[in-house]
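Visitor: sequence and predicted structure, then a few things I'm wondering about:
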Amino acid sequence: MKRLRVGVLYGGRSGEHEVSLASAAAVFANLDRNRYDPVPIRIEKDGRWALADKPPATMIAGEVIEQARLEAARPMREGREVHFVARPSDETLLSIDRSRGRDAEVPAAIVTGMSLDVIFPMLHGPNGEDGTIQGLLELANIPYVGAGVLASAVGMDKAMMKVAFAARGLPVCPYRVYLRYEWKSNIAKNTAELEKALGYPMFVKPANLGSSVGISKAKNAQELATAMELAGGFDRKLVIEAAVPDAREIECAVLGNDGPEASVPGEIIPSREFYDYESKYLDEGSKSVIPADLPKKLADQVRSLSIEAFKAIDGAGMSRVDFLLSRADGSLWLNEVNTIPGFTTISMFAKLWAASGVDYPTLLDRLISLALERHAEKQQRRTDLT
């Protein structure tokens, strides 16, 4: 049986670059080499694509993040840059080696092509999870794992995601959206409006980012101003949410295309006041409880709402759906959908499916099969008018 050549995209131009390296390491470690020939394609922080000498190997997120920070100033090796062919072609990637003939009067650039059967994007955050890479892959007409352009864009933008959820009648906690310039135009007035509409405490988030980057909990006006300044450094659009009283963080994984399935729910018990970037990746105090300690009726509701949220954004392949469950009154609120959830050794997506009977290598097989299935279905679309 011919092995499929799988291009694994990782890194990227976002604040989640280091998290992506950790996710990719786990993917490389678990792809069945009897079925797949993985190709490591690293996107540098400046946007250059390169064929890596070797894929990332460390799956402990904190170690990968620390190593990546230490190596941030290291230049990419000359001659390793590759370019994606944004049209249907037998050559998915073009490698341009400019190092050869450097001493000649007219330096030569050696161009070689590479064909890939499927792309596995392990890119978190903007310029990877938000529909931009997916649009490029659509232009190339190549199968790829995960959500399409629309679902990726809506799944990245927390403000538009809530609009889609609300339109489908899904439970969304009270929130407001400000553009950065709107907030700064009259901070005192906007603060008063938020206090009246949401009350303290409230959470402030960049609309287009993940991994809890740039998120703060504000308990008063001064903390609100600081939180808005922090979030505004990551995005021009800011989402402010009312805090769910004494919230439990419940997560559920979804797998599939037109007929998605939901895993057992799990619960995150953060090491800090809430599940921020540090508690996710840099300290080891956070814990996961899988399956979550929930009554069967409530667990079934979480699974049902997860599938509804997946469908609301027109999801495909995979998603992790996050909820907030109030201990105070038992209310359940849909928080967000992640179209490229973390794949590190401490990430919930793989753990939830493992607890549901799907181990990591099988999960990768399923995702690649779903990508090929969805691509084949798209090829049935008519392109003529006769």
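Guide: Received, thanks.
Visitor: phi and psi next, for the residue lying closest to S356 once chain neighbours are set aside.
Guide: What sits nearest to S356 in space, not counting adjacent residues and going by Cβ to Cβ, 6 or more residues apart in numbering, is S263, at 4.2 Å. The C-beta positions use only the backbone N, C-alpha and C, and glycine is treated the same way. Phi and psi for S263, reported as degrees, to the nearest 10, are phi -80, psi -180.
Visitor: residues contacting S263?
Guide: 252-255, 303, 352-353, 355-356, 358 (Cβ atoms under 8 Å, 6 or more residues apart in numbering).
Visitor: just how off-centre is stretch 111-125 within its chain?
Guide: Mean-position distance between stretch 111-125 and its chain equals 17 Å (Cα atoms, centre = their mean, to the nearest Å).
Visitor: what does stretch 174-185 give?
Guide: The answer for stretch 174-185 is 24 Å, by Cα atoms, centre = their mean.
Visitor: first-to-last residue distance for that stretch?
Guide: Its first and final residues considered, stretch 174-185 spans 23 Å by Cα to Cα, to the nearest Å.
Visitor: residues in contact with that stretch?
Guide: So stretch 174-185 is contacted by 159, 162, 190, 193-194, 197-198, 207, 228, 232, 235-242 (Cβ under 8 Å, 6+ apart).
Visitor: so K205 sits in a helix?
Guide: No - K205: not assigned to a helix; according to DSSP: H, G, I helix; E, B strand; the rest coil it is strand.
Visitor: contacts only, for it.
Guide: Applying Cβ under 8 Å, 6+ apart, the residues near K205 are 158, 214-215, 231, 238-241.
Visitor: for this structure, which helix is longest?
Guide: Using DSSP state H to define each element, the chain has its longest helix at helix 360-378.
Visitor: for that one, which outside residues touch it?
Guide: With Cβ under 8 Å, 6+ apart, helix 360-378 has contacts from 4, 6, 26-27, 30-32, 35-36, 118, 120, 142-146, 148, 255-257, 316-318, 350, 353-354, 358.
Visitor: buried ones in that helix?
Guide: The neighbour-count check on helix 360-378 (16 or more other Cβ atoms under 10 Å) flags 360, 363-368, 370-375 as buried.
Visitor: nearest to A86, of the residues you listed?
Guide: H375 (16.3 Å; Cβ to Cβ).
Visitor: could I get the full set of helices for the stretch 251-386 of the chain?
Guide: For the stretch 251-386 of the chain, the helices defined by DSSP state H, counting those that start in this stretch cover 277-281, 296-312, 348-355, 360-378.
Visitor: now the ones you listed as CSV including mean pLDDT?
Guide: Listed next are the helices of the stretch 251-386 of the chain as CSV, based on pLDDT from 0 to 100:
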stretch, mean pLDDT
helix 277-281, 50
helix 296-312, 98
helix 348-355, 95
helix 360-378, 96
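Visitor: could I get the ones you listed as CSV with distance to V172?
Guide: Output for those, formatted as CSV (distance: least, Cβ to Cβ, whole Å):
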stretch, distance to V172
helix 277-281, 23
helix 296-312, 10
helix 348-355, 21
helix 360-378, 28
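Visitor: which of the ones you listed sits closest to L93?
Guide: When the helices of the stretch 251-386 of the chain are compared (using Cβ to Cβ), the closest one is helix 360-378, at 17.6 Å.
Visitor: the closest one to helix 348-355, inter-axis angle?
Guide: Angle, helix 360-378 to helix 348-355, by axes from the mean of the first three to the mean of the last three Cα atoms, to 10 degrees: 110 degrees.
Visitor: dump helix 360-378 to CSV, keeping only the CA atoms.
Guide: This file holds the C-alpha atoms of helix 360-378, laid out as CSV (Å, rounded to 0.1, in the frame of the first residue of the first chain):
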residue,chain,number,x,y,z
TYR,A,360,-4.0,8.9,19.5
PRO,A,361,-2.7,7.1,16.3
THR,A,362,-6.3,6.0,15.5
LEU,A,363,-7.4,9.6,16.0
LEU,A,364,-4.9,10.8,13.5
ASP,A,365,-6.0,8.2,11.0
ARG,A,366,-9.6,9.3,11.4
LEU,A,367,-8.7,13.0,10.9
ILE,A,368,-6.8,12.2,7.7
SER,A,369,-9.6,10.0,6.4
LEU,A,370,-12.1,12.8,7.1
ALA,A,371,-9.9,15.2,5.2
LEU,A,372,-9.8,12.9,2.2
GLU,A,373,-13.5,12.3,2.4
ARG,A,374,-14.4,16.0,2.5
HIS,A,375,-12.1,16.8,-0.3
ALA,A,376,-13.6,14.0,-2.5
GLU,A,377,-17.1,15.4,-1.8
LYS,A,378,-16.0,18.9,-2.8
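Visitor: any idea how far that helix is from the chain center?
Guide: 17 Å.
Visitor: what of stretch 293-309?
Guide: Distance, centroid of stretch 293-309 to centroid of chain: 22 Å (Cα atoms, centre = their mean).
Visitor: buried ones in it?
Guide: 294, 299, 301-303, 305-309.
Visitor: ok, residues contacting it?
Guide: So stretch 293-309 is contacted by 165, 168, 170-171, 250, 252-254, 260-265, 267, 291-292, 319, 321, 323, 325, 332, 334, 337 (Cβ under 8 Å, 6+ apart).
Visitor: mind giving me the PyMOL select for those residues, buried ones only?
Guide: Here is the PyMOL selection string for the buried members of the contacts of stretch 293-309, based on 16+ other Cβ under 10 Å:
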select buried, resi 165+250+252+253+254+260+261+262+263+264+265+267+292+319+321+323+325+332+334+337
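Visitor: many thanks, we can stop here.
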